[in-house]
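Engineer: 3D model of this:
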Amino acid sequence: MKAIAVYPGKPNSMHLEEVPEPKVSDIPDGRGVLVKVLRVGVDGTDKEINAAEYGEAPDGSDFLITGHESLGRIVEAGSNVPTSLKPGTLVVATVRRPGHSIYDRIGLQDMTTDDVYYERGINKRHGYLAEYYVEDAQYIVPLPESLSEVGVLLEPTTIAEKAINQALEIQRRLKVWKPQRAAVLGSGTVGLLATLALRVRNVEVTCLSLQEPPYRNSDLIEELGARYVSTKQTPIAEAAEKFGPFDIVLEATGFSPLVFEAAESLGKNGVLVLLSVTGGDRTAEINSDHINQGFVLGNKVMVGSVNASPDDFVSGVDDLIKATAIYPGWLEKLLTTPIDGLESYEEMLRELTENKDAIKVFVNVAEDSEKKAKRGDAGRAVATPA
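Structural biologist: The predicted structure is shown next:
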């Protein structure tokens, strides 16, 4: 079968690789699930892996199959797979696999203390930009048919889900804490999905981003009943004065100096969650005394969040279902840039690197024959005379 792969450590090595088709029996103890891949979302991680900034091949392989945002249908399931995962089920696979720390051993590999991560499509494990994949049932998340168009957005949604769930878990210390107002820094894919996740929880959201409105992303924010503010027009501190105090702030800009502006603007008993992975060497001058005093006297928390747990995937499914009901058609607007076929990987890379207006670039790997058949059955039912 075909797959999109890179040679780790070799810049711009993305290519089409011919690999053996996986089998259910590749997973021991009858727990294998064979999945036909329908769609795979791609993001800056895939671009950086192709640039050889990071990523390692699995042991025994000289290439890494990329892609970590999957959507597919089960083709075959092993004898010990739960009945909720039967052939025809729409599914998404999680990304990180257990390493060796105590957290990995209890299913919290997103909290690992290991220096080496095992992540499908990113490091040491092949990804989902292939015609099929096989996986242990414990890493497969079922989706309802109502998410067949937008389910590929689940993995990026889980980044926001974990951030919110971690904030809620931390704030159990306050017994009665319930966020009323939130700020989301950044209006890219994660910022948009974070705003959505907060809005379905009835939190008042102010999204702060650099670009001046109106444009597509600011319109999408406002369609959720949230507020869009350009930091060119209104600094973060001023926005906090006007629209805060912010009980929770999610930082997803990739611009590290904003972390400290956000820290200064966080409300008492608030939580600042950092989501950006910044690998550069940028420095900033900060108001360290003011920030420190505010955190001490205000009982504030700053926490980093990366990857997602199985529970975050489950809550992500719940929120996507709610979103389709409360904001019909909104999620589909994020799917801006479809790429047809694995053979079009060069076009995929161009869109990732050159199309600054794209929200979500995704590859249509295969037609969803199950959905097509259901549409056909519905059409025949309508055409049948009473």
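
Engineer: Now do stretch 273-288, average pLDDT.
Structural biologist: The average pLDDT within stretch 273-288 is 92.

Engineer: Give me the contacts around it.
Structural biologist: Residues outside stretch 273-288 that contact it (C-beta atoms under 8 Å, 6 or more residues apart in numbering) are 53, 159-160, 163-164, 166-167, 186, 190, 194, 248-257, 259-260, 264, 302-306. The C-beta positions use only the backbone N, C-alpha and C, and glycine is treated the same way.

Engineer: Then stretch 342-355?
Structural biologist: So stretch 342-355 is contacted by 2-4, 14-16, 42-44, 46-47, 50, 129-131, 337, 339, 358, 361, 363, 365 (C-beta under 8 Å, 6+ apart).

Engineer: now it, how far from the centre of its chain.
Structural biologist: Put simply, stretch 342-355 sits 19 Å off its chain's centre (C-alpha atoms, centre = their mean, to the nearest Å).

Engineer: likewise stretch 133-142?
Structural biologist: How far stretch 133-142 lies from its chain's middle: 17 Å, per C-alpha atoms, centre = their mean.

Engineer: as a whole number, average confidence for it?
Structural biologist: Stretch 133-142 carries an average pLDDT of 98.

Engineer: picking up where we left off before, among the contacts of stretch 342-355, which are in helices?
Structural biologist: Of the positions in the contacts of stretch 342-355, 44, 46-47, 50 sit in helices, assigned by DSSP state H.

Engineer: check contacts around residue 133.
Structural biologist: Residues counted as contacts of residue 133 (C-beta under 8 Å, 6+ apart) are 22, 34-35, 37, 70, 72, 93, 126.

Engineer: List the pairing partners of the helix or strand harbouring it within its sheet, with orientation.
Structural biologist: In the assignment (DSSP states H and E), residue 133 maps to strand 132-136. Using DSSP bridges, strand 132-136 pairs in its sheet with strand 32-42 (antiparallel).

Engineer: who are the neighbours in contact with the residue nearest to residue 84 when sequence neighbours are not counted?
Structural biologist: Take residue 84 and drop its neighbours on the chain: the residue closest to it by C-beta to C-beta, 6 or more residues apart in numbering is residue 142, 5.5 Å away. Shown in contact with residue 142 (C-beta under 8 Å, 6+ apart): 84-85, 89-91.

Engineer: among those, which two are most distant?
Structural biologist: 84 and 90 (11.6 Å; C-beta to C-beta).

Engineer: Out of these two, name the residue with the larger neighbour count.
Structural biologist: The neighbour count for residue 84 versus residue 90, taken as other C-beta atoms under 10 Å, is higher for residue 90 (22 against 10).

Engineer: Would you check that that one makes contact with residue 143?
Structural biologist: Yes: using C-beta atoms under 8 Å, residue 90 is in contact with residue 143, at 4.5 Å.

Engineer: Find residues that contact each of the two.
Structural biologist: With C-beta under 8 Å, 6+ apart as the test, residue 90 and residue 143 both reach 71, 151.

Engineer: Can you get me the start-to-end distance on stretch 322-332?
Structural biologist: 14 Å (C-alpha to C-alpha, to the nearest Å).

Engineer: Could you tell me how far it lies from the centre of the chain?
Structural biologist: 17 Å.

Engineer: got the buried residues for it?
Structural biologist: 323-324, 327, 330-331 (16 or more other C-beta atoms under 10 Å).

Engineer: cool, and stretch 43-63?
Structural biologist: 43, 45-50, 55-57, 61, 63.

Engineer: Same question for stretch 102-113.
Structural biologist: For stretch 102-113, a neighbour-count test (16+ other C-beta under 10 Å) marks 103-104, 108-112 as buried.

Engineer: Helix, strand, or coil at the residue nearest to the spatial centre of the chain?
Structural biologist: The residue lying closest to the centre of the chain (C-alpha atoms, centre = their mean) is residue 156, at 1.1 Å. With DSSP: H, G, I helix; E, B strand; the rest coil as the basis, residue 156 sits in helix.

Engineer: can you give me the helices in the chain?
Structural biologist: Applying DSSP H to the chain gives helices spanning 44-50, 102-105, 154-170, 189-199, 216-223, 236-243, 257-265, 288-297, 310-326, 345-354, 369-383.

Engineer: Tell me which of those helices is the most buried.
Structural biologist: Among these, helix 189-199 has the highest mean neighbour count (mean count of other C-beta atoms under 10 Å), at a mean of 27.
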